[in-house]
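J.: Got a sequence here, can you model it:
(chains A and B)
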Protein chains: 2
Amino acid sequence: MTSHRHLNTVPFVSVDHMMKLVLTVGIDIFLRELADVIEEDFRRWDTFDKTPRIASHSHDGVIELMPTSDGTLYGFKYVNGHPKNTRDGRQTVTAFGVLSDVGNGYPMLLSEMTILTALRTAATSAVAAKYLARKDARSMAVIGNGAQSEFQARAFKAILGVDTLRLFDIDSAASVRCQRNLEGLGFTIEICDSAELAVEGADIITTVTADKQCATILTDNMVGPGVHINAIGGDCPGKTELHRDILLRSYIFVEYPPQTRIEGEIQQLDDAHPVTELWQVMAGSASGRTSDGQITLFDSVGFAIEDFSALRYVRSKLEASGLYEDLDLLADPDEPRDLYGMLLRCEASLRAQPALAL
Amino acid sequence: MTSHRHLNTVPFVSVDHMMKLVLTVGIDIFLRELADVIEEDFRRWDTFDKTPRIASHSHDGVIELMPTSDGTLYGFKYVNGHPKNTRDGRQTVTAFGVLSDVGNGYPMLLSEMTILTALRTAATSAVAAKYLARKDARSMAVIGNGAQSEFQARAFKAILGVDTLRLFDIDSAASVRCQRNLEGLGFTIEICDSAELAVEGADIITTVTADKQCATILTDNMVGPGVHINAIGGDCPGKTELHRDILLRSYIFVEYPPQTRIEGEIQQLDDAHPVTELWQVMAGSASGRTSDGQITLFDSVGFAIEDFSALRYVRSKLEASGLYEDLDLLADPDEPRDLYGMLLRCEASLRAQPALAL
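T.: Numbering: from 1, shown residues only, chains lettered A, B, ... in the order given. Okay, the predicted model is just below:
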């Protein structure tokens, strides 16, 4: 990469480049390869520095920083969550991230992560379901048909072979759009008039609503034996989607307990309630689903290591794809201790250009 | 700004644009105006969310995130510190930062902050000295003549009128370079053979060395009555510059005690040792220097609010200067909930271009 030759530049993947990268690789392959990297990093969970995300809450939303490091690479994501944003044409969630070299602290990649977060969230959900859903699971209810819904559908199809979708959203136009966006991919899709109807006969229930409040998207009577619940939408204090009684009947799997106890569905339970860390299931040190009758719940809030995996994966694609630009982000004086001298040399070169009056 | 019209773009100030901005405004005016913004933000300290920086330490250095918010704007800085970096032509410290709108979580500015951090550190030191040094202070010893030294000299001259410098560095070439870089600005400069000689007769002592260790740049006998010590270099656990006895004789002023107790010179003292918060001095609720004989010490480690002020200041200069570019950092679908559809539309447009095989 050019960045290896110029110390001052950092490869930048814009939204446009990210879309082209995803499409050039192919959405299904991108999701599968990304899922593999996520699984690889979950299996070496112990090698990571872990900390709950650093959240700055305000009246209308939250801005978060999510850092982690494996001792060789350091990554962090900036992400906001502002449910009211859609009113003036903005995204509820936008994100960008940085991957750096721990050895010298220099950023190696700056990337848009709005699209990438949608993909990594979906890939993580599908990887979790690989361990937690019944092996014969092919149908999924998707409650909440907003920006994340199609990504979930694509990942569950690419990674698990889920081909039957039952959609519900309080805004039926969202369901219609989701169905249209997924046309021609081999899904059988039914739009349902209620969450109760959507979950009927579904092997997997994905809840992915956006309101910042404690809601009850699923009540206890809606969840039958053998179901896997993929709970995505409850992801900050005061924002949950499931009735507490469902949690009490479920085997609960989480990413990082100190963060999930604050942000996940299990904020409704006391801190001693048993949960299993998903990475242990992947690493073979804990059980996932052990019988067809169990209700399993992936109480997903999104963790920094998933973003780290996503940045690591994108970086691995840069050289071959060329889908990035070099950003003049780092000061690179001829002599490293002479930062001020760099300013003087810039001044001298500007004085030689009469157009810029100093 | 263009960014107001395009929801997907964020104004980006590159290193080149930052240098041109500083030079167009003028270094002295830039430092004075930046100092005013820093002072303004210190005076409203109570309005900020404050947290110690989030540090990721490794064998060779540290990578830190420094977030803060005043409830309207949110800012954070990414900064590394790797003393060995100069060996292969890299900076010890590089940085970049982001300023965002708390109301919608969207970034409003991405900026290089390697140069900007050097300027804000110097401006903060000079603002502190305005309250803590003797009013007649005109001479300054600068121990450590690396990348930050000229910025300190420029700020102390622009803001306090300091015009006599006594330089010392274990690498005498660094002192020579510092002297040469400051030529023609009205300074009287003497390069000294030891730290002991440098501090002789100096009204202000600035220590700004870079080694990551507990060093004793100043011993107790070197510090006479009436001196103001501007201690910049001690800024992480295990990295200090002053002998403990100096601290015991000094009136100590700090930015944010929970961070300084961990990172500053006062990590050598017990947690109950009295310190004064600098913002209280600026706001008038605590005293700065009260007599000419006092030894005052600004135990500076750098705090997130100073970076926030610097980003806020840079942003105020963008429209008039035009010294930025628009970065395609945020996904901006026609319909905010239709992120996946944006990918589909990109696919359709790429299929229309035979050059890019999908």
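J.: burial count for A:Pro258?
T.: 12 (other CB atoms under 10 Å in any protein chain shown). For every residue, glycine as well, the C-beta is placed using N, CA and C.
J.: distance of it from A:Ala202?
T.: 31 Å (CB to CB, to the nearest Å).
J.: ok, now A:Glu325?
T.: 44 Å.
J.: A:Cys346 now?
T.: Distance from A:Cys346 to A:Ala202, by CB to CB: 62 Å.
J.: Between these two, which has more neighbouring residues?
T.: Between A:Cys346 and A:Ala202, counted using other CB under 10 Å, A:Ala202 has the larger neighbour count: 26 against 18.
J.: Contact partners for A:Asp16?
T.: The contact partners of A:Asp16, by CB atoms under 8 Å, 6 or more residues apart in numbering or on different chains, come to B:Asp328, B:Cys346.
J.: Would you agree it falls within a helix?
T.: Yes - counting by DSSP: H, G, I helix; E, B strand; the rest coil, A:Asp16 is found in a helix.
J.: Could I get the pLDDT score of it?
T.: For A:Asp16, the model assigns a pLDDT of 95.
J.: Over to A:Ile305?
T.: So, for A:Ile305, pLDDT stands at 97.
J.: now do A:Cys214
T.: Reported pLDDT for A:Cys214: 67.
J.: now swap in A:Thr2 and tell me
T.: The per-residue pLDDT of A:Thr2 was computed as 40.
J.: Low-confidence stretches in the stretch 101-250 of chain A?
T.: Scanning the stretch 101-250 of chain A for pLDDT under 70 picks out A:211-214, A:234-235.
J.: can you tell me the residue of it closest to chain B?
T.: A:Gly105 (2.4 Å; CB to the nearest CB).
J.: can you tell me which residues contact that residue?
T.: A:Tyr74, B:Gly61, B:Val62, B:Ile63, B:Asn80, B:Gly81, B:His82, B:Asn85, B:Thr94.
J.: is it possible to export those to CSV including pLDDT, distance to B:Val15 and secondary structure?
T.: Formatted as CSV, the contacts of A:Gly105 follow (pLDDT from 0 to 100; distance: CB to CB, whole Å; DSSP: H, G, I helix; E, B strand; the rest coil):
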residue, pLDDT, distance to B:Val15, secondary structure
A:Tyr74, 98, 21, strand
B:Gly61, 92, 21, coil
B:Val62, 93, 22, strand
B:Ile63, 96, 19, strand
B:Asn80, 95, 15, strand
B:Gly81, 90, 18, strand
B:His82, 92, 18, coil
B:Asn85, 91, 16, helix
B:Thr94, 92, 10, coil
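J.: Widest-spaced pair of these?
T.: A:Tyr74 and B:Asn85 (14.8 Å; CB to CB).
J.: what's the closest non-adjacent residue to A:Arg244?
T.: A:Gln268 (4.6 Å; CB to CB, 6 or more residues apart in numbering or on different chains).
J.: and the one you found, how far is that from chain B?
T.: 26 Å (CB to the nearest CB, to the nearest Å).
J.: so how far is A:Phe187 from that residue?
T.: 33 Å.
J.: Tell me how far stretch A:336-354 lies from the chain's centre.
T.: 43 Å (CA atoms, centre = their mean, to the nearest Å).
J.: Need the CA coordinates for that stretch. PDB is fine.
T.: Taking Å, rounded to 0.1, in the frame of the first residue of the first chain, the C-alpha atoms of stretch A:336-354 are listed here in PDB:
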ATOM      1  CA  PRO A 336      10.900  13.900  13.700                       C
ATOM      2  CA  ARG A 337      11.700  16.200  16.600                       C
ATOM      3  CA  ASP A 338      11.300  19.300  14.400                       C
ATOM      4  CA  LEU A 339       7.600  19.700  14.200                       C
ATOM      5  CA  TYR A 340       7.900  23.500  14.500                       C
ATOM      6  CA  GLY A 341      10.500  23.600  11.700                       C
ATOM      7  CA  MET A 342       7.900  21.900   9.400                       C
ATOM      8  CA  LEU A 343       5.700  24.900   9.900                       C
ATOM      9  CA  LEU A 344       8.600  27.200   9.100                       C
ATOM     10  CA  ARG A 345       9.400  25.400   5.900                       C
ATOM     11  CA  CYS A 346       5.700  25.500   4.900                       C
ATOM     12  CA  GLU A 347       5.800  29.300   5.600                       C
ATOM     13  CA  ALA A 348       8.900  29.700   3.400                       C
ATOM     14  CA  SER A 349       7.200  27.800   0.500                       C
ATOM     15  CA  LEU A 350       4.000  29.800   0.900                       C
ATOM     16  CA  ARG A 351       5.900  33.100   0.800                       C
ATOM     17  CA  ALA A 352       7.300  32.000  -2.500                       C
ATOM     18  CA  GLN A 353       3.700  31.900  -3.800                       C
ATOM     19  CA  PRO A 354       2.400  35.400  -4.100                       C
END
